[in-house]
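> make a model of this:
(one chain, ligands or ions: 1)
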Amino acid sequence: FRTLDGVDARGKRVLVRADLNVPMHDGVITDDTRLQRVAPTIRELADKGARVVVFSHFDRPKGQVVPALSLRPIALKLGQILGQPVGFVAECVGPTVEAAVGAMADGDIIVLENTRFHAGEEANDPAFAKALAQNGDIFVNDAFSAAHRAHASTEGVARDLPSFAGRLMQAELSALSAALENPERPVGAIIGGSKISTKLDLIGNVIEKVDTLFITGAMANTFLAAEGMNVGKSLQEADMHETARKIAHLAQEKGCEIILPVDAVVAREFKANVPTETCLIGEVPDDAMILDAGPRTVELIRERLGTLKTLVWNGPLGAFEIAPFDKATVDVAQYAAQLTEEGKLKTIAGGGDTVSALRHAGVVGQMTYVSTAGGAFLEWLEGKILPGIEVLRSAGHDLGLT
Ligand code: 3PG
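Sure, this is the predicted structure:
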């Protein structure tokens with residue numbers, strides 16, 4: 001990859017693909033992490049005297065202009081974070097953009113309107129990519145979290161301009177490589193979530209790479225039921241039992257130890273503060289459902305974490321959104337954070353739910369790395385090629401300008 005090191009950006013029009021797709025509720029940004037994390041790249045370029053033109057998708061307007069999905073309020077927030085006024089252009093291609101970019105001075109920053117207001121974005125239409133590229137001399141992709149999309153603003157535009165990885169992209173890629181490609185061993189993974197059917201490719205890839213795999217959340221129920229355990233009324237996928245057995249067999253062949261819950265917190269209803277019971281797996285009452293891992297499972301995971309050097313984390317241990325079923329997730333997250341702070345473990349976490357769970361446990365800041373990506377993190381865990389990254393790797397994009 002070519003990074004910003006050594007890029008002579010002064011006076012250049014630098015197109016920065018950021019992921020400004022932040023959660024918003026009633027027009028208010030509820031989490032500005034992605035803005036905070038992309039800010040250093042924008043800051044660095046502006047400080048180097050570049051004319052920084054930031055563009056991004058926001059939500060899923062499907063090629064239509066949806067005023068509620070304008071990037072204008074997000075541009076304002078980005079300016080506050082950067083401590084510098086950030087201009088906004090209510091288009092992302094065409095003469096208005098050309099005029100605005102033409103009027104920029106070195107060190108200026110502007111944000112363009114939502115690229116998904118144009119159908120050419122998701123279609124990766126070469127003409128639309130060219131129209132985007134026209135307003136830049138170089139392209140910097142800092143949107144790892146959108147790199148699984150082969151869209152004009154992530155992939156197409158990189159074919160038309162000398163392209164570089166931004167600082168956030170660089171950090172994401174090096175953290176991910178330290179997690180699975182080149183980890184300090186032993187390496188373990190916590191993979192949770194409700195359905196194995198949605199994480200089959202992910203589990204298949206992870207099994208090849210890790211020494212220990214903790215399967216947690218409702219997807220563990222499917223594995224337990226496949227082993228003949230009674231899981232009562234728990235969420236599980238009856239049609240995936242054969243697949244679960246195959247995964248267990250494959251893991252054995254690859255030398256990856258799968259660890260499943262040994263006990264559970266169960267309830268008759270999935271509601272806050274309902275009466276709960278703790279029972280061993282194998283003793284789950286017929287009319288109860290497993291909603292969290294039990295204390296023995298937490299203890300087992302803690303013991304094993306103590307033997308690992310690297311941990312990849314995707315997915316909670318239980319139904320953490322509702323108390324008290326957040327307990328196992330919080331306990332394990334806090335222990336992983338403690339080991340990480342003591343320098344004994346590298347913890348790399350990602351995926352929307354996982355980050356919310358870690359935030360809930362109050363430990364986001366203590367992890368070695370928390371990815372800004374949801375879907376892209378999952379696809380990367382699946383071992384898939386991410387088009388936005390592949391195009392940065394491919395030849396022909398180091399056309400000088402360094
Ligand atoms: C994300 O939030 O995961 C990225 O911004 C990608 O968004 P998308 O799933 O709408 O492509």
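> around the ligand, which positions in the chain sit nearby?
Asp19, Asn21, Arg60, Ser145, Ala146, Arg149, Gly374, Gly375 (C-beta under 6 Å from any ligand atom). Where C-beta positions appear, they are placed from N, C-alpha and C, glycine not excepted.
> tell me the pLDDT at the fifth one?
Which is Ala146. Note on Ala146: pLDDT of 98.
> what about the stretch 251-400 of the chain, any weak spots by pLDDT?
395-400 (pLDDT under 70).
> at 90 instead, please
Counting by pLDDT under 90, the stretch 251-400 of the chain contains low-confidence residues at 273, 351-353, 393-400.
> just the closest residue of it to the ligand, please.
Gly374 (3.8 Å; C-beta to the nearest ligand atom).
> correct me, but that residue touches Ser145?
Yes - Gly374 lies in contact with Ser145 (C-beta atoms under 8 Å); the separation is 6.6 Å.
> confirm that Leu311 sits in a strand.
Yes - counting by DSSP: H, G, I helix; E, B strand; the rest coil, Leu311 is located in a strand.
> hmm, it is touching Lys344, no?
No - counting by C-beta under 8 Å, Lys344 is not a contact partner of Leu311; they are 10.5 Å apart.
> those two: which has the busier surroundings?
Leu311 (28 against 13; other C-beta atoms under 10 Å).
> would you confirm that Val14 contacts Asn141?
No - in this structure, Val14 is not within contact of Asn141 by C-beta under 8 Å, at 11.3 Å.
> the protein: helices as residue ranges?
With helices called from DSSP state H, the chain shows them at 33-47, 72-82, 95-102, 119-122, 126-133, 167-176, 200-209, 218-226, 241-254, 295-305, 327-341, 352-360, 375-381, 387-393.
> pull the distance from the third one to the chain's centre.
Distance, stretch centre to chain centre, for helix 95-102: 33 Å (C-alpha atoms, centre = their mean, to the nearest Å).
> what helices or strands is that helix leaning on?
Counting contacts by 3 or more C-beta pairs under 8 Å, 6 or more residues apart in numbering; DSSP states H and E, helix 95-102 packs against strand 87-89, strand 109-112.
> hmm, who's touching it?
With C-beta atoms under 8 Å, 6 or more residues apart in numbering as the test, helix 95-102 has contacts from Arg13, Arg51, Val53, Gly87, Val89, Ala90, Glu91, Ile110, Leu112, Gln134, Asn135.
> who's in contact with His241?
So His241 contacts Thr222, Ala225, Ala226 (C-beta under 8 Å, 6+ apart).
> distance of it from Phe320?
26 Å (C-beta to C-beta, to the nearest Å).
> now do the same end-to-end measure for stretch 203-219.
11 Å (C-alpha to C-alpha, to the nearest Å).
> in it, which residues are buried?
Using 16 or more other C-beta atoms under 10 Å as the test for burial, stretch 203-219 gives 203-207, 209-219.
> one more: stretch 340-355?
Thr340, Leu345, Lys346, Thr347, Ile348, Ala349, Gly350, Gly351, Asp353, Thr354, Val355.
> same deal with stretch 28-41?
Buried-residue list, stretch 28-41, by 16+ other C-beta under 10 Å: Ile29, Asp32, Arg34, Leu35, Arg37, Val38, Ala39, Pro40, Thr41.
> run the chain-centre distance for that stretch.
14 Å.
> likewise for stretch 315-323?
18 Å.
> and for that stretch, what's in contact with it?
Contacts of stretch 315-323 (C-beta under 8 Å, 6+ apart): 190-193, 199, 216-219, 265, 270-273, 291-293, 297-298, 301, 325-330, 332, 351, 353-354, 357, 360.
> between the two ends of it, how far is it?
End-to-end distance (C-alpha to C-alpha), stretch 315-323: 17 Å.
> kindly report the same for stretch 174-184.
Using C-alpha to C-alpha, the two ends of stretch 174-184 sit 13 Å apart.
> for stretch 126-139, same thing?
First-to-last residue span, stretch 126-139, C-alpha to C-alpha: 16 Å.
> need the contact partners of it.
7, 9, 12-15, 17, 53, 55, 92-94, 97-98, 101, 115, 118, 120-121, 152-153, 155-164, 401.
> buried residues in it?
Buried residues in stretch 126-139 (16+ other C-beta under 10 Å): Phe128, Ala129, Lys130, Ala131, Leu132, Ala133, Gln134, Asn135, Gly136, Asp137, Ile138, Phe139.
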